[in-house]
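Undergrad: Here is a sequence with its predicted model. Questions after.
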Amino acid sequence: AILEADDDVELLEGYLKDWEAFVSSAAAFEK
């Protein structure tokens, strides 16, 4: 269960990084 939780955290962190990259690129596009 602990290993699965660690995998979930890594997955969420990956989504967060993708989201931050999307937001930053969108902000740059709007300027």
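TA: In hand now; what should we look at?

Undergrad: got any ranges where the chain has weak pLDDT?
TA: Within the chain, the segments meeting pLDDT under 70 span 1-2.

Undergrad: The spatially most central residue of it: which element?
TA: Geometric centre of the chain, nearest residue: L16, 1.8 Å, by C-alpha atoms, centre = their mean. L16 belongs to helix 2-30 when assigned by DSSP states H and E.

Undergrad: Which neighbouring elements make contact with that helix?
TA: Helix 2-30 sits against no helix or strand, with contacts defined as 3 or more C-beta pairs under 8 Å, 6 or more residues apart in numbering; DSSP states H and E. Quick note: C-beta positions are derived from backbone N, CA and C, even for glycine.

Undergrad: buried sites along that helix?
TA: Judged by neighbour count (16 or more other C-beta atoms under 10 Å), helix 2-30 contains no buried residues.

Undergrad: start at 652 instead
TA: Shifting the count to begin at 652 puts that one at helix 653-681.

Undergrad: Check the offset of that helix from the chain's centre.
TA: Helix 653-681 has its C-alpha centroid displaced from the chain centroid by 0 Å (C-alpha atoms, centre = their mean, to the nearest Å).

Undergrad: With stretch 667-682 instead?
TA: Distance of stretch 667-682 from its chain centroid, counting by C-alpha atoms, centre = their mean, is 11 Å.

Undergrad: Send me that stretch as CSV with only the CA atoms.
TA: Provided in CSV are the C-alpha atoms of stretch 667-682 (Å, rounded to 0.1, in the frame of the first residue of the first chain):
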residue,chain,number,x,y,z
LEU,A,667,1.4,19.3,-11.3
LYS,A,668,4.6,19.9,-13.3
ASP,A,669,2.7,19.5,-16.6
TRP,A,670,0.0,21.9,-15.4
GLU,A,671,2.6,24.5,-14.3
ALA,A,672,4.3,24.2,-17.7
PHE,A,673,0.9,24.7,-19.4
VAL,A,674,0.1,27.7,-17.2
SER,A,675,3.4,29.4,-17.8
SER,A,676,3.3,28.8,-21.6
ALA,A,677,-0.3,30.1,-21.7
ALA,A,678,0.7,33.2,-19.7
ALA,A,679,3.6,33.8,-22.1
PHE,A,680,1.2,33.4,-25.0
GLU,A,681,-1.2,36.0,-23.7
LYS,A,682,1.5,38.6,-23.3
